[in-house]
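> Sequence plus the predicted model coming up.
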Amino acid sequence: MPAADPAELLEWYDHHARDLPWRVSPARRLAGETPDPYRIWMSEIMLQQTTVAAVKDYFHAFTTRWPTVEALAAAEDADVMAAWAGLGYYARARNLLKCARVVTKEFKGAFPADHAALLGLPGVGPYTAAALASIAFDVPATVVDGNVERVMARLHDEHAPLPGSKAILTEYAADLTPDVRPGDYAQAVMDLGATICTPRNPACGLCPWRTNCAAWAAGTATELPKKAPKKRKPTRLGIAYLARRVDGAWLLEERPEKGLLGGMLGWPGSDWNEAPADNPPIRAEWKALNAEARHTFTHFHLRLTVKTALVPMGRTPKRGRFVLAEDFDRQALPTVMRKAFDVTQGS
């Protein structure tokens, strides 16, 4: 069976590339237009653990409000965290700000093209550094995301399960990465995985690499990539305290910088564990609602008991601060906190 030819995939990409707001199309790129590293970086950070469909609106909002890395670096932390609310994995938002400030201060607002320098930026790991080097600067770096892993596993009929097979799949990808148009090639492989070589029901008849695909020849494409069994997610419990003052103000607190939802504004609450301690943030008559707020994080399920209270003027909270009704924005809360709020609206 002949080896896959990157040129064949690039020809397919020139006609079938997805239209994405951060992407320079093949036609525009061949005409000499170069990608904006800021937009590529922003998209890659947002796309970590998140789908293209979920990211598009956030990308548009961020790049409209902060069109350059210098503008983002000058933004207030709270504004960026609020704009990120709902996108999840909030450490990415904190690193987004840190990275923007490093690029602005140490690199005078220009992202470095050097792969090693990119790896030194906050929140930029091996995948993001390779994607930036390749797509933004046309460096022949090996870009491997979930789509690329799937394409490589099928192309080589690799049955070793993920995540243990990541190294060999990366080797396969590196062997195919060309010196000519490496940025377009990286996007072409990802597009192939996203639109043709899909997890279920791959459209092998439309694939430009079909005759080079060992899994297609063996009839095993739908079985790959193999994955090691996932561990069962534990369930943790917690309490969310929603206190409203008689003037309509809500009691909110900023979560610690480190940990889940770090730096985000949310409801005061207990620790999340098997037996959370009841420790209200302010003296009041608390009422536990019948409905729970439920949310799933990467490593565990969370069930929150929601308690509410009406608080008189002049009473000082033990933690948190009151936010006036006209300044309160449900959309600025992380998803789990929105769910807790929504429980109160249905009670």
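Done, it's in. Residues are numbered from 1 along each chain as shown.
> Grab the most central residue of this structure for me.
Gln48 (3.4 Å; C-alpha atoms, centre = their mean).
> per-domain residue ranges of the protein.
Under automatic domain parsing, the residue ranges defining each domain of the chain are 6-223, 235-345.
> show me where the stretch 151-300 of the chain has helices.
Remark: helices assigned in the stretch 151-300 of the chain by DSSP state H, counting those that start in this stretch are 166-176, 182-195, 214-218.
> quick one: average pLDDT of the longest one?
Model confidence over helix 182-195 averages 96 on the pLDDT scale.
> name the helices or strands packed onto it?
helix 6-16, helix 26-30, helix 146-155 (3 or more C-beta pairs under 8 Å, 6 or more residues apart in numbering; DSSP states H and E). Where you see a C-beta, it was placed from the backbone N, CA and C, and this is true even at glycine.
> Other residues contacting it?
6, 9-10, 12-13, 16-18, 23, 26, 29, 35, 52, 130-131, 134-141, 143, 145-148, 150-151, 173, 176-178, 203, 207-209 (C-beta atoms under 8 Å, 6 or more residues apart in numbering).
> These, buried ones only, as a PyMOL selection?
If you want just the buried ones from these in PyMOL, going by 16 or more other C-beta atoms under 10 Å, the selection is:
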select buried, resi 6+9+10+12+13+17+23+26+29+35+52+130+131+134+135+136+137+138+139+140+141+143+145+147+148+150+151+173+176+177+207+208+209
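> helices and strands of the chain: which one has the lowest mean pLDDT?
Every helix and strand in the chain was compared by mean pLDDT, DSSP states H and E; the lowest is helix 26-30, with a mean of 89.
> Beyond it, next helix or strand please.
helix 37-47 (DSSP states H and E).
> Go through the following helix or strand past that next one and flag the buried ones.
Counting by DSSP H and E, the element after helix 37-47 in chain order, helix or strand, is helix 52-65. Judged by neighbour count (16+ other C-beta under 10 Å), helix 52-65 contains these buried residues: 52, 55, 58-59, 62-63.
> dump the residue contacts of the residue nearest to the centre of the chain.
By C-beta under 8 Å, 6+ apart, the neighbours of Gln48 are 89, 92, 128.
> List the contacts of the closest residue to Asn273 other than its chain neighbours.
Of all residues not flanking Asn273 in the chain, Arg236 sits nearest, at 5.8 Å (C-beta to C-beta, 6 or more residues apart in numbering). Shown in contact with Arg236 (C-beta under 8 Å, 6+ apart): 272-274, 300-303.
> Likewise for Pro161?
Contacts of Pro161 (C-beta under 8 Å, 6+ apart): 225-228.
> List buried residues within those.
Pro225.
> need the contacts of Pro161 in JSON lines with distance to Gln331, can you?
Shown next, in JSON lines, are the contacts of Pro161 (distance: C-beta to C-beta, whole Å):
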{"residue": "Pro225", "distance to Gln331": "37"}
{"residue": "Lys226", "distance to Gln331": "40"}
{"residue": "Lys227", "distance to Gln331": "35"}
{"residue": "Ala228", "distance to Gln331": "38"}
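> Out of the contacts of Pro161, which is nearest to Leu333?
Taking C-beta to C-beta as the measure, Leu333 lies nearest Lys227 of these, at 33.5 Å.
> For that closest one, give its distance to Pro161.
5 Å (C-beta to C-beta, to the nearest Å).
> ok, now Trp66?
On the measure of C-beta to C-beta, Trp66 and Pro161 end up 41 Å apart.
> circling back: got a list of contacts for the least confident helix or strand of the chain?
So helix 26-30 is contacted by 13-14, 17, 35, 183-184 (C-beta under 8 Å, 6+ apart).
> one more time with 7 Å, if that's ok
Applying C-beta atoms under 7 Å, 6 or more residues apart in numbering, the contact partners of helix 26-30 are 13-14, 17, 184.
> Average pLDDT for stretch 111-128, rounded please.
If you average the pLDDT values across stretch 111-128, you get 94.
> do stretch 326-345 as well
Stretch 326-345 comes out at a mean pLDDT of 92.
> Endpoints of that stretch, how far apart?
End-to-end distance of stretch 326-345: 17 Å, with C-alpha to C-alpha, to the nearest Å as the criterion.
> buried stuff in that stretch?
For stretch 326-345, by 16+ other C-beta under 10 Å, it's 328, 332-334, 336-341, 343-344.
> Rebuild those residues as TSV, extending it with distance to Ile168 and secondary structure.
What follows is the buried residues of stretch 326-345, written out as TSV (distance: C-beta to C-beta, whole Å; DSSP: H, G, I helix; E, B strand; the rest coil):
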residue	distance to Ile168	secondary structure
Phe328	51	coil
Ala332	44	helix
Leu333	43	coil
Pro334	37	coil
Val336	37	helix
Met337	42	helix
Arg338	42	helix
Lys339	41	helix
Ala340	44	helix
Phe341	47	helix
Val343	47	helix
Thr344	51	helix
